[in-house]
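Peer 1: can't give you the sequence, but here's the structure:
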C-alpha cells in the first residue's frame, strides 16, 4: 500500500467515502476535486475512498480495487467494502508516508475508526485536519438526532477529537464546531503563536472551500432569452430531507405562469422521494416537475446556464457548491438563509429567505416568472459579479494552503472558549 510516495512535496493523506468517479457524494466530491486541482502541484494528495457507489455490487468501471492509481493530480486508493476496517486503516496509515491527515465528515465510519485508532495510539500520529462538511449544522444534526447525539457524547468522553485542526468552511461552520466541541478546543485559540491552550487542545481554522479552477469566458455559451410568464427552475442536490426538496415542490403550487422544475441528484432517501413525488402529483397543470437523474461535476455549469433559477431551500449548507456554480453561470438563486450566500438578496443576484417565511418564497418565485429579459439580465449579471467577487477574493487559496502546511507546526486557530 505504500508504493505511491514521491519526494519533495508535502504529502496529505485524504480520507473520504466520496471521490471521483463517484457522482453521489455531492459537495464533498466537488470540494476535494477543487482542492486537488488548485493545490495538487504543491502538495501530494493521496486519497483513500470507496471503490463503488453505495449499494453497487461491483467497483466503478476502470477502477482497480485495493491499489493506488493516478486520478488527475492525485493518487487514489480505492477500497472495497469490509465489515470491520480497523485492521485495514491501521495498516494503511502505518505503511503510507504522509505529513498530514485530512479526514472528511464527522460521522463517517472510516473517520470514526481512524479517530479511535489514533486515540489508542495504534497509528502514527500526524497533524490531523477534520472537515465536518456541514454535518454539524442544526438542520443536519436534527435528522437521526438520537444516533448522532449518542456518538457525539461518547466521542467527547473518549477524547476522539483532541489535538486536531477543524476545517470550517465559514463562520457558521466554525460556530457549529464550537457549539459541539467547545471543551476540546484551545482556551486561547492562537496556539501557533504561543497561546496558553492545553497541549492536547484542538483549534478551528476557517478556510472557505475552493471554487472550480477558472475557465475562459469564451467557454460559456449564451443564456436562453427569459420570457415573461414562464420560468425554468433547477434543483441540484441529494434527494434527502436536509435539502428540503419537498418545500421547493409544494411552494410551486401557488405560482401563476408556466413553470418547470428539473431535479438533479442522487436519491438518498427513498421514502422521502416518494413523499416528494406525491406532492408533485398534486401540483396544478401549469407546473411540471421532472427527475433527471445524477449530473456529473463537469456538466453542472452547463446545466445552470440553461435554467432561469436554482431553487434550493436547504436546511443548511456549510458552503454550497451548486449555489456558487449557479451564480458563476449567471443563474440567480432562491435559497434559504442557512447558507454562506445570504448576500445574494442585497446584491440582487437572487433571494435568501428564512425557511418559515413561505410567503416570501412564493413572492420571489412569482417575480422570477414575471420577469422580462432586461430585468432578468440585470439579475444574471449581478449573479456573475457576486461569484467573481468571491472567486477573486485575496487569500482564498492561501487560507486552504495554510491548512496543510502543518508538518512541524500548527496553523493559526480561531478564538476558542473555556470548557463549560
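Peer 2: Received the coordinates, thanks. Worth saying up front: this structure is predicted, and the values here are computed from it rather than measured.
Peer 1: where's residue 263 relative to residue 359, distance?
Peer 2: 24 Å (CB to CB, to the nearest Å). Backbone N, C-alpha and C define where each C-beta goes, glycine included.
Peer 1: residue 138: neighbouring residues, count only.
Peer 2: 11 (other CB atoms under 10 Å).
Peer 1: burial of the nearest residue to residue 41 once chain neighbours are set aside, as a residue count?
Peer 2: Using CB to CB, 6 or more residues apart in numbering and skipping the chain neighbours, the partner closest in space to residue 41 is residue 73 (6.9 Å). Using other CB under 10 Å, residue 73 has 17 neighbouring residues.
Peer 1: give me the pLDDT for residue 73.
Peer 2: What the model reports as pLDDT for residue 73 is 97.
Peer 1: same question, residue 25
Peer 2: If you check residue 25, the pLDDT there is 81.
Peer 1: where does this structure have low pLDDT?
Peer 2: Within the chain, the segments meeting pLDDT under 70 span 1-7, 83, 186-200, 214-221, 406-420.
Peer 1: show me it divided up by domain.
Peer 2: Domain ranges of the chain: 11-209+395-404, 217-391, per automatic domain parsing.
Peer 1: tell me which of residue 263 and residue 359 has more neighbours.
Peer 2: Taking other CB under 10 Å, residue 263 and residue 359 do not tie; residue 263 has more neighbours (23 against 10).
Peer 1: contact partners of the host helix or strand of that one?
Peer 2: In this assignment (DSSP states H and E), residue 263 forms part of strand 258-264. In this structure, residues lying in contact with strand 258-264 by CB atoms under 8 Å, 6 or more residues apart in numbering are 229-236, 239, 245, 248-249, 252, 286-295, 303, 307, 311, 365, 369.
Peer 1: which of these fall within strands?
Peer 2: Among the contacts of strand 258-264, the ones falling in strands (DSSP state E) are 230-236, 287-291, 311.
Peer 1: what would these look like in a markdown table with neighbour count and distance to residue 148?
Peer 2: Below are those laid out as a markdown table (neighbours: other CB atoms under 10 Å; distance: CB to CB, whole Å):
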| residue | neighbour count | distance to residue 148 |
| --- | --- | --- |
| 230 | 15 | 42 |
| 231 | 25 | 38 |
| 232 | 17 | 37 |
| 233 | 24 | 32 |
| 234 | 24 | 30 |
| 235 | 27 | 26 |
| 236 | 25 | 26 |
| 287 | 18 | 36 |
| 288 | 13 | 37 |
| 289 | 21 | 31 |
| 290 | 11 | 33 |
| 291 | 17 | 28 |
| 311 | 30 | 28 |
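Peer 1: of all the residues you listed, which comes closest to residue 47?
Peer 2: Lowest distance from residue 47 to the ones in strands among the contacts of strand 258-264 (CB to CB) belongs to residue 236, with 23.6 Å.
Peer 1: next, the contact list for that closest one, please.
Peer 2: Contacts of residue 236 (CB under 8 Å, 6+ apart): 264, 265, 295, 300, 303, 304, 310, 312, 322, 326.
Peer 1: now do 10 Å
Peer 2: 26, 243, 262-265, 292, 294-295, 300, 303-304, 307, 310-312, 321-323, 325-326 (CB atoms under 10 Å, 6 or more residues apart in numbering).
Peer 1: identify the bridge partners of it.
Peer 2: Residue 236 forms beta bridges with residue 264, as assigned by DSSP bridges.
Peer 1: how far away is it from residue 364?
Peer 2: For residue 236 relative to residue 364 (CB to CB), the value is 18 Å.
Peer 1: repeat that for residue 281.
Peer 2: 24 Å.
Peer 1: do residue 242 as well
Peer 2: Residue 242 is 21 Å from residue 364, where distance means CB to CB.
Peer 1: residue boundaries of the strands in the stretch 51-200 of the chain?
Peer 2: Using DSSP state E, counting those that start in this stretch, the strands assigned to the stretch 51-200 of the chain run over residues 68-71, 74-79, 100-104, 128-131, 165-168.
Peer 1: which among those is found nearest to residue 61?
Peer 2: Distance to residue 61, taken as CB to CB, is lowest for strand 74-79 among the strands of the stretch 51-200 of the chain, at 11.8 Å.
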